[in-house]
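Asks: Here is the input, now give the coordinates:
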Amino acid sequence: MENLDLIPSPPKTPRLAEGTDFQIPPLDGSLTLPQIYDWQLHNSPNHRLFVFSDSNGAVRNITWKEAIAAIYTGARSLRSRIQNVVATKHRVPVVAILSSADAITYFTTLMCVLRADCIVFPISPRNSAAAVAHLLGKVGVDHVLVGREAAMQDLIVESLAKLKETSPSQPSPTYSPTFIFDEIFLPSFEEALVLKPDELPLTTQSNDPVLYLHSSGSTALPKPIPFTNKKMIQIGQIPWFGEQDWTGKVLSVHVMPMYHGMGVSQLAWAATAGLVVAGFEPKVPSILPTPDNLFEGARSTSSDIILCVPSFLEAWARRPDYVSWLASRSGVIYGGGPLNREAGDYMTRQGVSIFILYGMSEVGILSPMLPARTEGNYDWSYFRFTDWTKNHWKPHGDDLYELIIVDHPYCTPSIINTQVDGIPAYATSDLFIPHPTKSGYWRIHGRVDDQIVHTTGEKTNPGPLENLLNQDPHVATAVMFGHGRFNAGVLIEPKPAFRFDPADEKKLEEFRNAVWPSIERMNEFAPQHSRLFKEMILVGSPSKPFTYTAKNTARRQAIIRDYDEEISKIYEIVSETTQSEISPPTSWNLGSTTSFVRAVVASVLTHAVKDEDDLFQHGCDSLQATWIRNSVLRALKDAAGLDSRLITNNFVYEHPTINRLSMFVFSLAVGGMAPAPLDDEAKKLVMHELLERYSRDFPASRPGNAARVHGSEKVVLLTGSTGSLGSYVLHSLIKDPAVKHVYVLNRSHKEQDTVARLRKSFEQRGLDASELVDDKVTVLEADLSDEKALGLEDTEFRTIQDTVTHIVDVAWRVDFNLNVISFRTNLKSMRNLVDIAIRQGAHYTFASTLSVCRNSSEPSAREELMPPEASLGNGYSESKWVAEHIIARATSSTGLRASIIRVGQLSGGLNGSWMTKEWLPSLIHASALMKCIPDDDRVVSWIPLHVAGKAVVDLLGSSAPPPGDSDNLAIFHLIHPKPVPWTTLARSFSQKLGASLVPYPEWLRSLEESSTRPGSESLNAVTILDFYKSVSKKTDLKEGCEAFGMPILDVERTVKASGVLGDERLAQLGEKDASQWLGYWRSVGLVL
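Replies: Model prediction:
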């Protein structure tokens, strides 16, 4: 070999088992990979290289000696096939492989080509013919080994035809059938091991290319990536940078395509670290992997390490017997896409060591191979990089960093596209998020270049495919989507002459047909997993135009965020069977109207409800309410001729049962007018009825229990911990040394377990999710409306009853559109917790709202009970009034000790997190689009979440009741004691959004005009328009209100009782806070 700098020795040597039959070859680059294979023939002839189980269950081991014989046999055969190429071209021949052969045969074929002193180029058979032709021409392939299957034969013929068409002067490569197992693995192989003088010479040098991979097959022009001899030896050192030894361990590659970078890595790892490669039984056609046959293949070969895709791991998580066996292995490595959080958490809890596979063809495998086994590793989605690479992290904002690999002796990138401090480097375009507490650990976030990763692990590179579609005369811009989905779709903005309302089904069908020929042409270039179906063509609305950069390129992520709801909907439609549209009644009577409403509700909700059931107590959310509303409005408009603009937006909330909604719709259809809404007196009557209903038959307190509250250690039961305030209350309880234990009760969720939701809530709000594994925290799924045991196991419920000293009840549905009667489940749940507090002598703290004082006649609402009229305005505040008075009755009649904390407006968390559906983020979202922000010269007393959470804990068990109330009841107002003018914040928003400050009535008129335009449902501000209208009624009041009509509240007692609120160092809100909130809203796509 040429005299070049050698590769440094790796940092450690495997601890080889005593008596091992594998010897470590030179790893300094003094031998090429084919030469190391020759070396192993003489030094490790009896060590296993391959293992598989056949159809009868018998396990076959293949030693290095037998494998080398097969490699020599194949190399001789290949040299005879290409002897004319060797004779006429004075360069190293390039031999491509186009095959879907099994792992063991493909592995051996790769080495056959290398041992024949050729450059090998494995090409993915999933590429289109156009892509294969491009690769053959770009590299100058001389010969192709083609799979025996008809599909492979057709692909090579079509590819060569494409090559001739695009490059008529370039010679076409010859091709022949690829090797099959039985042709090269001969029963008697000793003779094949004998090389004649000058037979199969090796001439390539250290820096000569000996192998090509190619970039993603999702592009019409994939790029070849060269690997030198030196690079292959560098890859061979990767196992020495891990934390587990590989020698003699069996690696299951049943699912791994050998034309992939990870597949090619096995050539080096087997030779340098002595791992044993397990695959399916070699057959033609090869066995297609499934979760079951991969698992059986791994188990039958006693694989220590299993490679798989996320969907397989998720399937295994549903099989306890599979999980049990996997827990006994050294590890499971997944790659190619994101793993479901619940599946990963479950597997790790069961003792399975799960590791991420991260790497790229341009560099190699970058995640550790392997990390140490883990126990209960809840941070499995993060990983650290080893010293095999030298990394540079380029900031991209929002705590995102792009990984750049810098050239150094252990790892030389195969592609150089940038420099770091003058040193050649490769910018990966991969974005990462650092672990919040573990230095050096990172989680993959996405791609700078917007590559789409499907749930199958396959990737779509949208750029080239979009460029093809943009050539269509009907298309202005095409944006592909499908990240985290099974298949891809495309969102198209038509050229101005062809724009239409996509809600027009006839025009939508015509447009899809018009662009379909271009889609078909694009599909010819796209790999199979990136091809589009006609049903996945989504057309942009004229009311929601695409946004572009200064260079007039589409802002992909912003556009996809803008159309998130439409994208989600199209996947739902495609995944379901075809449904016939619901026709309105041909004649309007109460029976036909009820049948129509019943059908509309059934099409939206996932389960049946009775005609008298409250829809919102059966899972109906605001989006589903909108679907019901729109279906009804279309029917009233089309069949009854009504002007839908005259009908209130909130009628589903005001009539939340099928019976009541049917009566409402019927009265409109036949009379043209809606039933009169409830007046204030009627609302107060409903509130008092609910108060009487949930104030009956309080239990008796058990003797001696009252003393428990005054103990030195608190045992707290907390509800609502996944909400904004609840998360910060839990954080403060964990940090409080006076709190011995916290029982966290949260309702179950069909898509995520309780701990996962809690972790997500903490992470979303800038809190350290690792706090949740503290021994002082117990997280349980509960049904608070279950009066027997809160939906808990009997032992869990008894333990809580016997130990709890304080109950902090934060859980409450936040929906300003709901009628007060739709909060009955919340009231029932609260009453159940009150009863537990009474029986056990626990202190009960209830998170109420300042809105119960919204109509207070006092200049400054005092910390005392309010009359019902003070809370009128929406069902949320009215339900909180009912709850406050239930508590007051309990304290006066049972001896219950309780606190009511009226929570004011909570602002963003430590990271600026402020939930996007709330009224202020919705206001900012609408303002950014309308380019105007409401002005108000009054103050706001909004309180940051971390301050509010600490204040709630400060107030636990406080016994400072206001005058005139029960000695057992204290009422507090949780607001900022140092209000700030709204204009201070508004000017900051105005400057950063380029929006002007306008009087509130003018802003409201702009919003009302926006609400009449098609697609206005995407503005959350429109869905809570009535809330903004109610604010408008108070904009002219200069006294008795803060900005936006919020009541002025007395906080004297609260400040005295709370250390954090009474601290003089507590800062006012300011421009820094506004910038932080805006930064968060931008990071989640609310504003651009």
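Asks: List of residues touching stretch 186-205?
Replies: Residues outside stretch 186-205 that contact it (Cβ atoms under 8 Å, 6 or more residues apart in numbering) are 1-2, 32, 34-35, 41, 65-66, 68-70, 72-73, 75-76, 79, 92, 115-117, 210, 229. Where C-beta positions appear, they are placed from N, C-alpha and C, glycine not excepted.
Asks: count of residues packed around Thr301?
Replies: 24 (other Cβ atoms under 10 Å).
Asks: meant to ask about Leu1069, not that
Replies: Neighbour count of Leu1069, defined by other Cβ under 10 Å: 23.
Asks: would you say it is within a strand?
Replies: No. Looking at Leu1069 with DSSP: H, G, I helix; E, B strand; the rest coil, it is coil, so not inside a strand.
Asks: Selecting buried members of the contacts of stretch 186-205 in ChimeraX, what would you type?
Replies: In ChimeraX, a selection of the buried entries from these looks like this (16 or more other Cβ atoms under 10 Å):
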select :1,32,34,35,41,65,66,68,69,70,72,73,75,76,79,92,115,116,117,210,229
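Asks: mind listing which of the contacts of stretch 186-205 are in strands?
Replies: Val210 (DSSP state E).
Asks: Could you list which of the contacts of stretch 186-205 belong to helices?
Replies: Judged by DSSP state H, the subset of the contacts of stretch 186-205 located in helices is 34-35, 41, 65-66, 68-70, 72-73, 75-76, 79, 115, 229.
Asks: And the closest residue to Asp835 other than its chain neighbours, its phi and psi?
Replies: In this structure, Asp835 finds its nearest non-sequential neighbour in Pro699, 5.3 Å apart by Cβ to Cβ, 6 or more residues apart in numbering. The phi/psi pair for Pro699 (degrees, to the nearest 10) reads phi -70, psi 170.
Asks: What distance do you get for Pro699 to Glu787?
Replies: 11 Å (Cβ to Cβ, to the nearest Å).
Asks: Ok, Arg555 next?
Replies: Arg555 is 52 Å from Glu787, by Cβ to Cβ.
Asks: Could you do Ser1010 as well?
Replies: From Ser1010 across to Glu787, the span is 45 Å (Cβ to Cβ).
Asks: Looking at the two, which is more packed in?
Replies: Neighbours per residue (other Cβ under 10 Å) separate Ser1010 from Glu787, with Ser1010 holding more: 18 against 13.
Asks: Next up, the contacts around the more buried one.
Replies: Ala926, Leu929, Met930, Ser1016, Leu1019, Val1022.
Asks: Swap in 10 Å and give it another go.
Replies: Residues near Ser1010 by Cβ atoms under 10 Å, 6 or more residues apart in numbering: Ser543, Ala926, Leu929, Met930, Ser1016, Leu1019, Ala1021, Val1022, Leu1025.
Asks: Quick one, grab the pLDDT at it.
Replies: At Ser1010, the model reports a pLDDT of 81.
Asks: for Gln991, same thing?
Replies: Reported pLDDT for Gln991: 93.
Asks: ok, back up a step: so which of the ones in helices among the contacts of stretch 186-205 comes closest to Phe52?
Replies: For these, the residue nearest Phe52 by Cβ to Cβ is Glu66; the value is 13.0 Å.
Asks: Quick check: chain neighbours aside, which residue is closest to the closest one?
Replies: Using Cβ to Cβ, 6+ apart, the closest residue to Glu66 is Phe189 (5.7 Å).
Asks: How about the secondary structure of that neighbour?
Replies: When classified by three-state DSSP, Phe189 comes out as coil.
Asks: Near His474, how many other residues are there?
Replies: His474, neighbours per other Cβ under 10 Å, totals 15.
Asks: Could you pull up the contacting residues of it?
Replies: Ile492, Pro494, Lys495, Ala497, Phe498, Arg499, Phe511, Ala514, Val515, Ser518.
Asks: That one and Ala497: what is the separation?
Replies: 9 Å.
Asks: same thing with Thr228?
Replies: Counting by Cβ to Cβ, the gap from Thr228 to Ala497 is 54 Å.
Asks: hmm, back to that, for the residue nearest to Asp835, grab the count of nearby residues.
Replies: 13.
Asks: please renumber so the chain begins at 23
Replies: New numbering, starting at 23: the last item is Pro721.
Asks: Mind listing what's buried along the longest strand seen in the chain?
Replies: Using DSSP E, we find that the single longest strand of the chain is strand 445-456. Neighbour-count burial for strand 445-456 flags Ala447, Tyr448, Ala449, Thr450, Ser451, Asp452, Leu453, Phe454, Ile455, Pro456 (criterion: 16+ other Cβ under 10 Å).
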